[in-house]
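[1] here is my input, please return the structure:
(chains A and B)
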Amino acid sequence: KQEVTQIPAALSVPEGENLVLNCSFTDSAIYNLQWFRQDPGKGLTSLLLIQSSQREQTSGRLNASLDKSSGRSTLYIAASQPGDSATYLCAADSGAGSYQLTFGKGTKLSVIP
Amino acid sequence: EAGVTQSPTHLIKTRGQQATLRCSPISGHTSVYWYQQALGLGLQFLLWYDEGEERNRGNFPPRFSGRQFPNYSSELNVNALELEDSALYLCASSLDPLFYEQYFGPGTRLTVT
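    The predicted model follows:
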């Protein structure tokens, strides 16, 4: 059974700082790992998808890496802005035909102006 | 291109009643996933439909059921509602279950009184 853990649970940083969010998963036989953003009371916005054969993906100020062997992924946010304030969720499938996502509990990010 | 849509936005029911939630996937997407986000429990996988068939279900009782229609839209039914069913129900769709991003709708907020 896939389990996903995110550290830290909450993070507060001043505007302009670079930051890293961590995600670990127990079953390395994944097909995909996805990072999402969720604003309060809203649905999820997909940020980045890393397929199992990839090591990293980049979109604008976001960079996500994947190390399947160690069961870890990181989301790097460069030059943080107040608009980046949200909860960031990491999710991994379980491979072997189980494509539903298992989510971590998220990291709540606050970027202080 | 229209995203994943869900209806209704909010639903208030009394304990013991039935609730029906609807989801329309992105055009061309054949896989639909349902997730429950209850306060304090994080996002949990409920059901996965692909090509009209139920492919997998999470650890939820049988009173949670659903179906996928020929146009790939989906319906989630919750029978004999209990207070702990109060949650945000999120629907996601993907082009193909393997190696493709899941895109989420805005959710239906179900409140059971």
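[2] quick one, what contacts residue 84?
    You didn't say which chain, so I picked chain A. Neighbour list for residue A:84: A:77, A:109, A:111 [criterion: Cβ atoms under 8 Å, 6 or more residues apart in numbering or on different chains]. Any C-beta I mention is one placed from the backbone N, CA and C, and that applies to glycine too.
[3] hm, I was asking about chain B
    Taking Cβ under 8 Å, 6+ apart, one finds B:38, B:112 in contact with residue B:84.
[4] check residue B:32 too.
    So residue B:32 contacts B:23, B:25, B:48-50, B:68, B:72-74, B:91-93 (Cβ under 8 Å, 6+ apart).
[5] pLDDT below threshold where in chain B?
    Filtered on pLDDT under 70, chain B yields the residue ranges B:1, B:99.
[6] what residues does it put near chain A?
    Proximity of chain B to chain A, by Cβ under 8 Å from any Cβ of the partner chain, involves residues B:31, B:33, B:35, B:42-45, B:48, B:55-56, B:58, B:88, B:90, B:92, B:94, B:97-107, B:109.
[7] name the residues linked to residue A:48 by a beta bridge.
    Beta-bridge partners recorded for residue A:48 (DSSP bridges): residue A:35.
[8] tell me how many other residues crowd it.
    For residue A:48, the count of nearby residues is 20 (other Cβ atoms under 10 Å in any protein chain shown).
[9] report pLDDT for it.
    Turning to residue A:48, the model gives it a pLDDT of 95.
[10] ok, it - contacts?
    Taking Cβ under 8 Å, 6+ apart, we find residue A:48 in contact with A:34-35, A:57-59, A:62, A:64, A:75.
[11] which of these sit farthest apart?
    Taking Cβ to Cβ as the measure, the contacts of residue A:48 reach their widest spread between A:34 and A:58, a distance of 14.7 Å.
[12] so for these two, which residue has more residues nearby?
    Between residue A:34 and residue A:58, residue A:34 has the larger neighbour count (other Cβ under 10 Å), namely 22 against 11.
[13] low-scoring pLDDT stretches of chain A, where are they?
    Using pLDDT under 70, chain A drops low at A:95-97.
[14] write out the residues of it neighbouring chain B.
    Proximity of chain A to chain B, by Cβ under 8 Å from any Cβ, involves residues A:31-32, A:34, A:36, A:41-46, A:49, A:51, A:89, A:91, A:98-106.
[15] so how far is stretch B:83-93 from its chain's centroid?
    With Cα atoms, centre = their mean, to the nearest Å as the basis, stretch B:83-93 stands 7 Å off its chain's centre.
[16] what does stretch B:88-107 give?
    Relative to its parent chain, stretch B:88-107 has a centroid offset of 10 Å by Cα atoms, centre = their mean.
[17] tell me the bridge partners for the closest residue to residue A:5 other than its chain neighbours.
    Setting aside the residues directly before and after it, residue A:5 is nearest to residue A:24 in space (Cβ to Cβ, 6 or more residues apart in numbering or on different chains), at 4.9 Å. Taking DSSP bridges, one finds residue A:5, residue A:72 as the beta-bridge partners of residue A:24.
[18] where does the spatially closest residue to residue A:68 that is not a sequence neighbour land in three-state SS?
    Spatial nearest neighbour of residue A:68, chain neighbours left out: residue A:28 (4.9 Å); criterion: Cβ to Cβ, 6+ apart. Under the three-state scheme (DSSP: H, G, I helix; E, B strand; the rest coil), residue A:28 adopts coil.
[19] burial count for residue A:28?
    Under the criterion other Cβ under 10 Å, the count of neighbours that residue A:28 has is 15.
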